[in-house]
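Student: Have a look; sequence and predicted model below, questions after that.
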Amino acid sequence: MYTLAVCAEMVYQDLPFIDRVRRIMDRGFAVEIWDWTAKDLDELAATGARITSMSGYVTGELIDPAGADELVRTATDSIRAAARLGAPNLNLHGTGLGEGGLPVRPMRREPTEAEWDAARATLRRVADLGEAEGVVFCLENLNTAVDHPGTPFAKAADTRALVQAVDSPALRMNLDLYHAQIGEGNLVELTRQSLPWVGEIQVADVPGRCEPGTGEVHYPAVARALVDAGYEGVVAMEAYASGDSDAALDRFRAAFTPERAS
């Protein structure tokens with residue numbers, strides 16, 4: 001059975017961050033965070049929360065040689081931080097993201113063959129680092145139409161191709177179904193095709209990026225496909241609460257509870 005987690009960055013936003021973590025724990029969920037450099041890691045570890053995902057780099061990118069060196073350097077820092085939190089999955093993107101989730105170096109065209117080769121080489125270095133340290137990096141798909149315009153290697157098909165090419169147990173997909181619905185759709189089949197390379201799954205509804213049940217995605221069908229496939233990883237709600245955060249977590253749990261998933 002898969003584990004349900006909730007991103008503490010996006011719910012209970014009226015509370016201090018550490019209290020958000022405790023509230024999510026009290027509701028019976030694991031916890032995801034974003035930028036670990038902005039957190040008191042000792043305080044976070046002291047909560048006893050199961051942290052399932054955090055940023056796997058601070059700065060850097062996949063294509064540019066200097067950016068690749070920076071990504072690997074800050075990935076090493078992230079591994080040390082993750083060890084203090086129970087070694088959660090470490091999240092990566094096709095390029096560094098800045099203010100508002102916008103890419104630091106946007107790309108307004110498709111990557112060239114040479115850029116694909118450079119990205120694979122950088123991810124190979126990251127995977128080697130993960131294998132040596134016993135951690136898993138997850139490459140997340142994003143959408144370029146709404147939230148992250150100009151991000152290279154953004155589609156789930158792109159992240160899957162890169163993960164397959166590197167072929168390492170230390171590099172998996174973070175299959176974000178909110179982004180995939182905007183960029184690709186056909187979520188059940190996309191999930192089935194991707195599961196052999198998935199390290200975690202993130203969800204939010206479309207439009208609005210709120211909890212399941214507030215938009216067009218029938219998440220119980222996705223849940224049923226995961227159950228049928230025997231998925232045992234993490235499903236995380238990386239979504240804003242449309243209203244009350246407790247109610248949002250209840251909707252998330254209901255959508256992904258197997259006996260209700262149909």
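Tutor: All right, it came through fine.
Student: Isn't L190 up against T159?
Tutor: No. The pair L190 / T159 is not scored as a contact, 11.3 Å apart, by Cβ atoms under 8 Å. Quick note: C-beta positions are derived from backbone N, CA and C, even for glycine.
Student: next one: the longest helix anywhere in the chain to chain centre, how far?
Tutor: Taking DSSP state H as the criterion, the chain has its longest helix at helix 113-133. Chain-centre distance of helix 113-133: 18 Å, with Cα atoms, centre = their mean, to the nearest Å.
Student: now for that helix, which elements pack on it?
Tutor: helix 65-83, strand 89-92, strand 137-140, helix 156-166, strand 171-176 (3 or more Cβ pairs under 8 Å, 6 or more residues apart in numbering; DSSP states H and E).
Student: buried set for the first one?
Tutor: What it means is helix 65-83. Residues 67-68, 70-72, 74-75, 78-79, 81-82 are the ones in helix 65-83 that count as buried (16 or more other Cβ atoms under 10 Å).
Student: quick one, it and helix 113-133 angle?
Tutor: 30 degrees (axes from the mean of the first three to the mean of the last three Cα atoms, to 10 degrees).
Student: Kindly export helix 65-83 (C-alpha atoms) in PDB.
Tutor: Output in PDB follows, covering the C-alpha atoms of helix 65-83 (Å, rounded to 0.1, in the frame of the first residue of the first chain):
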ATOM      1  CA  PRO A  65      28.800  22.800 -17.400                       C
ATOM      2  CA  ALA A  66      29.300  25.300 -14.600                       C
ATOM      3  CA  GLY A  67      25.600  24.900 -13.600                       C
ATOM      4  CA  ALA A  68      26.000  21.100 -13.600                       C
ATOM      5  CA  ASP A  69      29.000  21.400 -11.300                       C
ATOM      6  CA  GLU A  70      26.900  23.700  -9.000                       C
ATOM      7  CA  LEU A  71      24.000  21.300  -9.000                       C
ATOM      8  CA  VAL A  72      26.200  18.300  -8.000                       C
ATOM      9  CA  ARG A  73      27.800  20.400  -5.300                       C
ATOM     10  CA  THR A  74      24.500  21.500  -3.800                       C
ATOM     11  CA  ALA A  75      23.100  18.000  -4.200                       C
ATOM     12  CA  THR A  76      25.900  16.900  -1.900                       C
ATOM     13  CA  ASP A  77      24.800  19.500   0.600                       C
ATOM     14  CA  SER A  78      21.200  18.200   0.300                       C
ATOM     15  CA  ILE A  79      22.300  14.700   1.000                       C
ATOM     16  CA  ARG A  80      23.800  15.800   4.300                       C
ATOM     17  CA  ALA A  81      20.600  17.700   5.200                       C
ATOM     18  CA  ALA A  82      18.500  14.800   4.300                       C
ATOM     19  CA  ALA A  83      20.400  12.500   6.600                       C
END
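Student: and that helix, what does it pack onto?
Tutor: strand 51-55, strand 89-92, helix 113-133.
Student: Now render these as a markdown table, adding mean pLDDT and distance to P149.
Tutor: Compiled in a markdown table, the helices and strands packed on helix 65-83 are given as follows (pLDDT from 0 to 100; distance: least, Cβ to Cβ, whole Å):
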| stretch | mean pLDDT | distance to P149 |
| --- | --- | --- |
| strand 51-55 | 97 | 21 |
| strand 89-92 | 97 | 19 |
| helix 113-133 | 97 | 18 |
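Student: Out of the helices and strands packed on helix 113-133, which is closest to T112?
Tutor: Closest to T112 of the helices and strands packed on helix 113-133, according to Cβ to Cβ: helix 156-166, at 13.5 Å.
Student: which of the residues in the closest one are buried?
Tutor: So helix 156-166, judged by 16+ other Cβ under 10 Å, has buried residues 156, 158-163, 166.
Student: surely R22 meets G48?
Tutor: No. Here R22 lies out of contact with G48, judged by Cβ under 8 Å, at a distance of 9.4 Å.
Student: more neighbours, those two?
Tutor: Neighbour count, other Cβ atoms under 10 Å: between R22 and G48, R22 has more, with 18 against 10.
Student: Thank you, goodbye.
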